[in-house]
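Q: A predicted structure for the sequence below; I have some questions about it.
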Amino acid sequence: MSIVCGFIFIPLILNFCEKKGLYDMPNERKVHKNAIPRLGGISFMPSMLLAFIIALIMSDNITGEQKVSMSLWSVSFIVSLLLIYGVGIIDDLTGLGAKTKFAVQILAASLMPLSGLYINNLYGFCGIYEIPAWVGMPLTVFMMVFIDNAINLIDGIDGLAGGLSFLALGGFLVCFIREGLFTYSILIAGLMGVLVPYLYYNLLGKVEKKQKIFMGDSGSLTLGFILGFLFIKFAMDNPNVMPYRKDSLLLSFTMLIVPMIDVARVVIARTLHGRPLFDADKNHIHHKLMRAGLTQHQALGTILLLALVFSFMNVELSACAENLTLIILADIVVFVAFMLTVNVRIKKLNGKVFV
């Protein structure tokens, strides 16, 4: 149902953007060379929610059981998501400063721990297990804002933010189905559905036929916030929702490992070089791969493959090793080795390399 909604809504958005002249214009920082409509992400929320509501109604009618109940954090999540979605739309239409968007992200993320949803267990990371609320609540806000920005910042080439989000959502879908949390599974499936038509128009749409579209901040911020929520939801140790699993935090981290480590690397590099954290640059993983000689689609395929490698690697490591700290350190070592290899290639081609 969500796929159908996406194929209905996105052509309407393309026509609207053409009439109103709403395009993402090329500049020295961006990869694309043509003016492209940037409101594709507007289709995400209505498609996901419409499919979600219809699926729940059909399920209740078939089984005669009420599948959904509204908890305080469910209400907080909806309110927060609408805040993020609205800010993304405003930014796509008129533009907003990075600090304004950052402030709204913090406000939206703060509603989660205030409603009782927060990280309360690190499952042995750095030898830490249960953590008090005064530590877990600000950590939750930080992680949600961090993940939201990680997805937003990695949205630099065709299909990348959508492809990584699709893989992450697929992983969370398997995890939530495994735990019998079917309401969340339906919501995730609805978001995965609308990404299919978006990726079709984003990757295969022809500029000359006016079929190509970008998700914009309305899409990347919405995706990032939902993924941040799912990260916290699955990582939280709550026996009333699902039994204790020692790999909950590791699996949540694994779903988002590439955008999270990449944005951490970029922040560290900007700090070391004295550059403002909110300034845009061309130092993300996709930019570096393209400087190493790959095309957009080759860079996309490489990054998606890297995400899958981390997924399989961490699942196997979690089955044979219990030390979460060592597993995450191994992930960082692999990522650093990958980036060093890319840097060597860049230096060979261009004679210089940025960190």
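A: Right, received. Where do you want to start? Numbers count the residues shown, from 1 in each chain.

Q: Excluding residues flanking it in the chain, which one is nearest residue 296?
A: Leaving aside its sequence neighbours, residue 296 sits nearest to residue 157 (C-beta to C-beta, 6 or more residues apart in numbering; 4.8 Å). Where you see a C-beta, it was placed from the backbone N, CA and C, and this is true even at glycine.

Q: Just confirm that neighbour is within a strand.
A: No - secondary structure of residue 157 (DSSP: H, G, I helix; E, B strand; the rest coil): coil, not part of a strand.

Q: Pull out the buried residues from the longest helix anywhere in the chain.
A: The longest helix of the chain (DSSP state H) is helix 324-350. Neighbour counts over helix 324-350 (16 or more other C-beta atoms under 10 Å) mark 324, 327-328, 330-331, 334-335, 338-339, 342-343, 345-346 as buried.

Q: One more: stretch 285-297?
A: In stretch 285-297, counting by 16+ other C-beta under 10 Å, buried: 285, 286, 287, 288, 289, 290, 291, 292, 294, 296.

Q: Likewise for stretch 206-224?
A: Buried residues in stretch 206-224, counted by 16+ other C-beta under 10 Å: 211-224.

Q: Among those residues, which one lies nearest to residue 84?
A: residue 221 (5.1 Å; C-beta to C-beta).

Q: Point to the helix or strand of this protein where mean pLDDT is at its lowest.
A: strand 23-24 (a mean of 76; mean pLDDT, DSSP states H and E).

Q: Skip the chain neighbours and tell me the closest residue to residue 37.
A: residue 17 (3.5 Å).

Q: And the helices in this protein, which stretches?
A: Using DSSP H, helices in the chain cover 2-20, 44-63, 72-93, 98-114, 133-153, 160-178, 182-199, 216-235, 248-255, 257-272, 285-291, 296-320, 324-350.

Q: Quick check: buried residues in the third one?
A: Yep, that's helix 72-93 we're talking about. Buried-residue list, helix 72-93, by 16+ other C-beta under 10 Å: 73, 76-77, 80-81, 83-93.

Q: And for the fourth one?
A: Of the residues in helix 98-114, those buried under the neighbour-count criterion (16+ other C-beta under 10 Å) are 101, 102, 104, 105, 108, 109, 110, 111, 112, 113.

Q: and the gap between the closest residue to the first one other than its chain neighbours and residue 323?
A: Residue nearest to residue 101 in three dimensions, not counting chain neighbours: residue 87, with 5.9 Å by C-beta to C-beta, 6+ apart. Going from residue 87 to residue 323 by C-beta to C-beta, to the nearest Å gives 40 Å.
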